[in-house]
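Chemist: What would the 3D arrangement of this be:
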Amino acid sequence: MKIDFETKFTGLSFIVAALLLWTGWFLLPHHIGEYLAASDFPIIGEQVWYWIWMFRIYIFGWVAMAVALFALGSIITDNPFRVVMYPGIGMAIAGTLTIAIAFAFYYNYGAWGVGKTAGKSPEEIQLFMDGTLFTNQYVTCFMRFGRIFSGVGLILLGAGFLKANFINKWMGWFTVLLGLSAMGLILFVPEYFESYKPLFHVKVIWLALIGFTIFKHGVNNTGAESK
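Modeler: Below is the predicted model:
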């Protein structure tokens, strides 16, 4: 098993991504649903700057996940099964950054809407909400496809892990099952938004576990059965 600065940095990147995502999620004082609602803005307004900073940490967690996946790609350049893992990493990065962009919409509109709705009549607030609906609907598509892209990427990545004996077998199967679960929820559950929330936490656990595994035990870059 290869253990060096490259594997240490890659493992630590995954762990940092997990910490940022969970810190932002659990400390965020108010979570917006699939669609913005007028009732969101007064709640956000109660702690608007704290809400902004926690949401920033959460979004940067997705960015850190993309960084970790890029780092993972850099340490498989000599692996004979990189032809399977590279497409998986690419799809997972595309999905992760798409999700980050989608959440940036909720972050921006959530903070902006506090000022736009302050002191407005119910009729004026409704006009504002009607104006956000088209963009919100578009962003839900970003969210769905970002998760689909990530799911496809994780399936390929997990298959590459298993084929190359890159890390522990159970992490390979965990990666494949996580990707399949993400795709299955979005493709076959009509109201997937609430159902997906537990899977987000499973993904954070996956980030932490794969980070710890690579940091502590390194990787097998030969393609041979690891001991």
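
Chemist: per-residue confidence averaged over the helix or strand where G160 lies?
Modeler: Secondary-structure assignment from DSSP states H and E places G160 in helix 122-164. Taken as a whole, helix 122-164 carries a mean pLDDT of 92.

Chemist: Return the list of helices and strands in contact with that helix.
Modeler: Using 3 or more Cβ pairs under 8 Å, 6 or more residues apart in numbering; DSSP states H and E as the contact criterion, the elements in contact with helix 122-164 are helix 82-117, helix 169-188. Every C-beta, even on glycine, is put in place using the N, C-alpha and C of the backbone.

Chemist: So what angle separates the directions of it and helix 82-117?
Modeler: Angle, helix 122-164 to helix 82-117, by axes from the mean of the first three to the mean of the last three Cα atoms, to 10 degrees: 170 degrees.

Chemist: so which of the helices and strands packed on helix 122-164 is the most packed in?
Modeler: helix 82-117 (a mean of 19; mean count of other Cβ atoms under 10 Å).

Chemist: Provide the angle between the direction of the helix holding G160 and the direction of helix 169-188.
Modeler: For helix 122-164 against helix 169-188, the angle between stretch directions is 140 degrees (the same axes, to 10 degrees).

Chemist: low pLDDT regions in the chain?
Modeler: Counting by pLDDT under 70, the ranges of the chain that qualify are 223-227.

Chemist: Of all the helices and strands packed on helix 122-164, which one comes closest to L209?
Modeler: helix 169-188 (6.7 Å; Cβ to Cβ).

Chemist: one step back: would you turn the helices and strands packed on helix 122-164 into JSON lines with distance to F26?
Modeler: As requested, those are exported to JSON lines (distance: least, Cβ to Cβ, whole Å):
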{"stretch": "helix 82-117", "distance to F26": "16"}
{"stretch": "helix 169-188", "distance to F26": "20"}
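
Chemist: do you know which of these lies nearest F145?
Modeler: helix 82-117 (6.4 Å).

Chemist: which helices and strands sit right next to the closest one?
Modeler: Applying 3+ Cβ pairs under 8 Å, 6+ apart, one finds that helix 82-117 contacts helix 40-46, helix 48-74, helix 122-164.
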